[in-house]
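[1] next come a sequence and a model predicted from it.
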Amino acid sequence: MTQRPWRRTGLKPPAPVALGVLLALALLALAHLPPAHLPASPDSSPRLLPAFPPPGTCREAAVPLSGERTLSQRPLIPPAHPWGDRPPSRGRRQRRGTAGDAPPWLSDDDLRKMQLLAGGQVVSKTRIPAHGQVLRVGLRAMGDTDWDSSPASLERDCQDGRCGLIKRPGDLYEVLAFHLDRVLGLNRSLPAVARRFTSHLLPYSYTDGSPRPIIWWAPDLQHLEDANNDQNSCALGWLQYQEMLRPRGLMPEARDGPCSSISRGEWSRLALFDFLLQVRRSAPSRLVFIDNAGRPQHPEEKLNFRLLQGIDSFPAAAVATLRSGRLQSLMLESLRLDRELWESQGGTEGLRPLLRTIDRRARILLRYIQEHNLTVFGDSLR
């Protein structure tokens, strides 16, 4: 006679009552389990909001970041600006009006200006003399109906800090340059974002879907001898510039010039920034770096070391960032805040070649500093 399985193991057959109790306990346990799509408790799985929406499929082909300064376009000399000389904050902060944490090298003032540039309603426009494809526009918060498009209204908006310069699509590199400036702790560039415009006030070429850079218009810059009033200062010859770099040395014609009071530290900041971007034109004691659409495709074997000629020290904070090996990751973290730039360039993969180029230039600059036994200076040097 064949034995049942439980008799082979020495077990007695389960009683019907016991089976019923076990089944009831199993059903009770299942009834108290949380749904599969929810965390077991409110604290066991925190809800995370991304700092920036993940990049999706680009709406159109990537627009190259290119361009460069021209001979007549030079950095400006402003009075002290609230965004010009702040020490980098420690840690990360949650910013009102932003999704997730903004990187600490962008101030609250930077973020407010970036939001105005990216989302402000275009309410007026005017062309900049001698710059056919550059428009100065007045901006207001969306929904603000208290505005008009008259020239007087534009001037009032610009004096209140509610204006921007729309530049060419090929000048998108200026946006990357702004983030590089902040990551390095130089804090000398004007806030800039990429934007696609739809305003009926703008010509069709501005509303065709191509992203363009828009740069914040600083109302208190000193325009010096610039008749075009386009945030550029007077020209400075190379020999005058080299003479001013010499300790206590000024050429007679430069002694009373508008650039004569600029400190060596300011020129050093500009030289470092321009070498990484491969720009150059410069320029009473503080500079603002503008027209920063450098040459991302400039070949490495033809880098312009003349930009560094006469510079004997560089800002310590910027050099430390270059030495950290984190320049690319810091730049990606910063650039994620600019949705239009991020998407138009293909996100991380699209921007990586540009950032590698800047990173290679940074390593070349560090080698130059070491080979020439150059020093660094702290933020206290102006």
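    Ah, there it is.

[2] need the phi and psi values for Lys302.
    Backbone torsions of Lys302, given as degrees, to the nearest 10, read phi -120, psi 30.

[3] how close does it sit to Arg127?
    35 Å (C-beta to C-beta, to the nearest Å). From N, CA and C alone the C-beta is placed, and that goes for glycine too.

[4] just the helices in the stretch 251-382 of the chain please.
    Assigned by DSSP state H, counting those that start in this stretch, the stretch 251-382 of the chain shows helices spanning 252-255, 264-277, 316-323, 327-335, 339-344, 347-371.

[5] angle of the longest one against helix 264-277?
    Computed with axes from the mean of the first three to the mean of the last three C-alpha atoms, to 10 degrees, the direction of helix 347-371 lies at 130 degrees from that of helix 264-277.

[6] hmm, who's touching helix 347-371?
    Applying C-beta atoms under 8 Å, 6 or more residues apart in numbering, the contact partners of helix 347-371 are 55, 58, 62, 65, 176, 180, 272, 275-278, 296, 300, 303, 305, 308, 314, 319, 322-323, 327-328, 331-332, 335, 342, 345, 374.

[7] before we move on, what about the fourth one?
    Applying C-beta under 8 Å, 6+ apart, the set of residues contacting helix 327-335 from outside is 103, 105-106, 176, 179-180, 182-183, 321, 341-342, 348, 351-352, 355-356, 358-359, 362.

[8] average pLDDT for stretch 307-314?
    In this model, stretch 307-314 carries a mean pLDDT of 92.

[9] which residues are contacting it?
    By C-beta under 8 Å, 6+ apart, stretch 307-314 touches 241-242, 245-246, 264-265, 267-268, 271-272, 274-275, 278, 280, 365, 368-369, 374-377.

[10] which intervals of the stretch 101-250 of the chain have sub-threshold pLDDT?
    Applying pLDDT under 70 to the stretch 101-250 of the chain flags the ranges 130-132, 143-149, 222-236, 248-250.

[11] and Gly164, what are its bridge partners?
    Beta bridges link Gly164 to Val137, Trp216 when assigned by DSSP bridges.

[12] report how many residues lie close to it.
    Other residues within reach of Gly164, judged by other C-beta atoms under 10 Å, total 28.

[13] how far away is it from Ile364?
    On the measure of C-beta to C-beta, Gly164 and Ile364 end up 34 Å apart.

[14] so where do the helices sit in the stretch 101-250 of the chain?
    For the stretch 101-250 of the chain, the helices defined by DSSP H, counting those that start in this stretch cover 108-119, 151-159, 173-183, 238-245.

[15] can you check what angle separates the shortest one from helix 264-277?
    Counting by the same axes, to 10 degrees, helix 238-245 lies at 130 degrees to helix 264-277.

[16] what packs against helix 238-245?
    helix 252-255, helix 264-277 (3 or more C-beta pairs under 8 Å, 6 or more residues apart in numbering; DSSP states H and E).

[17] most packed of the ones you listed?
    helix 264-277 (a mean of 22; mean count of other C-beta atoms under 10 Å).

[18] direction-wise, compare it with helix 173-183 and give the angle.
    Helix 264-277 and helix 173-183 meet at an angle of 130 degrees, taking the same axes, to 10 degrees as the criterion.

[19] for helix 264-277, C-alpha coordinates in CSV please.
    Taking Å, rounded to 0.1, in the frame of the first residue of the first chain, the C-alpha atoms of helix 264-277 are listed here in CSV:
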residue,chain,number,x,y,z
ARG,A,264,46.2,94.2,-12.1
GLY,A,265,43.9,91.7,-10.4
GLU,A,266,41.1,92.7,-12.8
TRP,A,267,43.2,92.2,-15.8
SER,A,268,44.3,88.8,-14.5
ARG,A,269,40.7,87.7,-14.1
LEU,A,270,39.9,88.8,-17.6
ALA,A,271,43.0,87.1,-19.0
LEU,A,272,42.1,83.8,-17.4
PHE,A,273,38.5,84.0,-18.6
ASP,A,274,39.5,85.0,-22.1
PHE,A,275,42.1,82.2,-22.5
LEU,A,276,39.5,79.6,-21.6
LEU,A,277,37.1,81.0,-24.1
